[in-house]
Every structure is written in structure tokens, then in C-alpha cells.
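Engineer: I would like to see how this sequence folds:
(one chain, ligands or ions: 1)
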Amino acid sequence: MQATLIDGKALAAAELAQIKREVNALEESGAPTPCLAVILVGEDPASQVYVRNKLLKCEQTGIRSHCYRLDSGVEQGELLGLLARLNADPAVHGILVQLPLPEQIDEAAVIAAIDPDKDVDGFHHENMGRLLAGDPDVLVPCTPLGCLLLLKSVLGDSLAGQHLVVVGRSNIVGKPAALLALQHHCTVTIVHSRTQDIAAVCRRADILIVAVGRARMVTEDWVKPGAVVLDVGINRVEHEGRARLVGDVDFDSVAKVAGAITPVPGGVGPMTIACLLRNTLQAYRHQRG
Ligand code: NDP
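Structural biologist: Next comes the predicted model:
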């Protein structure tokens, strides 16, 4: 391995420690405590793990959190009613609805019902539009924001002019990651399942962000020597009879050519949660003027 390992776990721990200091300072000044409301619908095992981790990190940083657990058969009206109450509650500063939602619920309608000022996931169309327009104060989706902080940890402020290729064009990772990179003056290319000769495009990247959901799809022949590679993918695979998490990047081969690379787990994932709490603080400050 020649690449520098980008330690997302350590960077997230530092970010959480900073958030904790900021929350302590608020408390000492007599201000109310920032509060995140999390809505979890149904029993999806992965969602349960994600929510548990998010609540745990809230506790560690002193951010107040409340989790609303709804039955998988809940009617959309009930969920929208809960959102309306949380939107109107001045003691709640951030609202997160854990996705995916059960079939009977229209995900887009639910996201649209969250107050954009409390939309700590940054999925509301108003926030997506503001990101597209280059608004620097918008609530940005947590995973792309985490990617940006990881890149800054390696490249400092020298993102300008770098050719950044994003693999994947989802609304929650690929597109906002590309827009954020554009805001930071990268030259941006997005590739996806219909891109022709995708490996050749990726090989031109100074920075490669991979968010696809296909285990070890990106191999060393996709990567320019010295490139910075961020692996967003989380894939559960069988390894010697046991379940194991791997990314979208074939870590062992790519680490031989890349300049720096994130591991899975321990790369982008921990930063995503840290950025959720960062967004909650940002939403709090915005609401309190
Ligand atoms: P989506 O399924 O919404 O999007 C996947 C994207 O990958 C699509 O744009 C799709 O292209 C593209 N794609 C699929 N197959 C190929 C292929 N063979 N070649 C090129 N592109 C392809 O996924 P998400 O963006 O939500 O998530 C991606 C991965 O990141 C998943 O593994 C997910 O678990 C993980 N994730 C990790 C997070 C973290 O905190 N670490 C947070 C969020 C997600 P097209 O549009 O053409 O279909």
C-alpha cells in the first residue's frame, strides 16, 4: 500500500469534540440546548443501527435528541401530522426522517413537509435549490459535507482547479457532492450507469468520489496514480462465512496507486454522522438569529 489512509474515524472524533465544546459554551451562556428530532418508521435493521449511532453521538456531544418510533404500517397523514408538530415546536431545531420509508408512504411528500430551516439532512428541494445556486449558508446533505471535510483534511484549501469525478448521481450523495465540489472551484464530472468507458473518465480524476452501492467496483486501473479516493459505498458481503462491510472501491488494489484513500468502514461513514450534528448546530444558530 502506498496511499495515505484518510482516517475518517479520527477526523469525526475531532469534529464531535469541537461540537461538544460549542454545545457546552451555549449551555454556560444560559442558551437553550440544541435539539434533534429523529423519526424512525418500521423495523429496517440497517436503519435501526444508523439511528442508534446518531442518537449516541447526540448524547456524546450534549445535543438533546428525541426519537419517534412509528409502526411500519403507519399512515402518511400521521407522519405528516408529527412533522407539522415538530416544525412548530421552537425547542426542536433539527428534524431527520430516517430513509427508506415503507411503500405506502410518499418519501418526496414527507421530505417536502419538513421545515427547510430544520432540514438537517439537506434533502428538501428548497435546500437543494440553494445549494445549486451556490448559497454558502445552506444546510448541505451530510455525506457530501463529510466528503468535503475529508478532502480538506488531505488537500487543505487547494481544491480549486482539481478535476473531481463523482461516480453516482443520487440526490443524497452524487449530485450534492458534485455541486459542493463545484462551489469549491473543482472541475467536476459526474458519471453513472449509462456513462461510456467509465474507467477512462475516472482515470482522469485528481479526486474520485465513489457512491454507487456495488462492492469493489472501482479497481486500480480506474485510478490515476496519486489521486485522492473517497469511498462512500457500504456493501454487505460474505467473507469466509461471515458478513463483512466493504466499499465500492477495491481497497487493496486501489491503495497501491492512489495518493490517499478512505477505508470502509471508518472513512466516510463516521463523518456523515458528525456532519449531521454540525448541521443541527447550524440550524439552531440560524433559528436563534
Ligand atoms: P443510489 O442507489 O441512490 O445511487 C447509486 C448511483 O450509482 C446511481 O446514480 C447509479 O446510476 C450509479 N450506478 C449504479 N450502478 C452503476 C455502475 N455499474 N456504474 C456506474 N454507476 C452506477 O445510491 P446512494 O447514492 O444512496 O448510495 C450509494 C452508496 O453509498 C450505497 O452503498 C450506500 O449504502 C452508500 N451510502 C453511504 C453513506 C455513508 O454515510 N457512508 C451515506 C449514504 C449512502 P444511475 O443513476 O444511472 O442508475
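Engineer: From now on I want contacts and neighbour counts done on CA atoms only, so please keep to that.
Structural biologist: Noted.
Engineer: those strands in the stretch 151-289 of the chain, which residues are they?
Structural biologist: Remark: strands of the stretch 151-289 of the chain, listed N- to C-terminal, are 163-167, 187-191, 207-210, 228-231, 235-239, 242-246, 260-261; assignment by DSSP state E, counting those that start in this stretch.
Engineer: What residues of stretch 77-94 count as buried?
Structural biologist: Under the neighbour-count criterion of 16 or more other CA atoms under 10 Å, stretch 77-94 has Leu79, Leu80, Leu83, Leu86, Asn87, Ala91, Val92, His93, Gly94 buried.
Engineer: List just the nearest of those to the ligand.
Structural biologist: Using CA to the nearest ligand atom, Gly94 is the member of the buried residues of stretch 77-94 that lies nearest the ligand, at 18.3 Å.
Engineer: residues of stretch 229-248 that come out buried?
Structural biologist: So stretch 229-248, judged by 16+ other CA under 10 Å, has buried residues Val229, Leu230, Asp231, Val232, Gly233, Ile234, Asn235, Val246, Gly247, Asp248.
Engineer: which parts of this structure sit against the ligand?
Structural biologist: Along the chain, the residues adjacent to the ligand under the rule CA under 6 Å from any ligand atom are 143, 167-170, 172-174, 192-194, 211-213, 232-235, 268-269, 272.
Engineer: Now do the SS call for the residue nearest in space to the middle of the chain.
Structural biologist: Taking CA atoms, centre = their mean as the criterion, Thr143 is the residue nearest the geometric centre of the chain, at 1.6 Å. Of the three states, Thr143 takes helix according to DSSP: H, G, I helix; E, B strand; the rest coil.
Engineer: Tell me the pLDDT of it.
Structural biologist: According to the predicted model, the pLDDT of Thr143 comes to 98.
Engineer: Show me the helices in the stretch 51-200 of the chain, by range?
Structural biologist: Along the stretch 51-200 of the chain, the stretches classed as helices by DSSP state H, counting those that start in this stretch are 76-88, 107-112, 125-132, 142-155, 174-183, 198-202.
Engineer: Need these in JSON lines (columns: distance to Gly62).
Structural biologist: Written out in JSON lines, the entries for these read as follows (distance: least, CA to CA, whole Å):
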{"stretch": "helix 76-88", "distance to Gly62": "20"}
{"stretch": "helix 107-112", "distance to Gly62": "26"}
{"stretch": "helix 125-132", "distance to Gly62": "26"}
{"stretch": "helix 142-155", "distance to Gly62": "19"}
{"stretch": "helix 174-183", "distance to Gly62": "29"}
{"stretch": "helix 198-202", "distance to Gly62": "41"}
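Engineer: Nearest to Ile6, out of the ones you listed?
Structural biologist: Proximity to Ile6 (CA to CA) singles out helix 142-155 among the helices of the stretch 51-200 of the chain, at 7.4 Å.
Engineer: angle of the closest one against helix 174-183?
Structural biologist: Here helix 142-155 runs at 40 degrees with respect to helix 174-183, directions being taken by axes from the mean of the first three to the mean of the last three CA atoms, to 10 degrees.
Engineer: May I see the buried residues of helix 142-155?
Structural biologist: Applying a neighbour-count criterion of 16+ other CA under 10 Å, the buried positions in helix 142-155 are Cys142, Thr143, Pro144, Leu145, Gly146, Cys147, Leu148, Leu149, Leu150, Leu151, Val154.
Engineer: nearest to Gly241, of those?
Structural biologist: Ranked by distance to Gly241 (CA to CA), those are led by Thr143 at 30.4 Å.
Engineer: thought that closest one was touching Cys275?
Structural biologist: Yes: counting by CA atoms under 8 Å, Thr143 sits close enough to Cys275 to count as a contact (7.5 Å).
Engineer: so what's the residue of the chain most remote from its centre scoring on pLDDT?
Structural biologist: The C-alpha centroid of the chain is most remote from Gly30, which lies 31.0 Å away (CA atoms, centre = their mean). With respect to pLDDT, Gly30 has a value of 98.
Engineer: for Asp157, same thing?
Structural biologist: Among the per-residue scores, Asp157 holds a pLDDT of 88.
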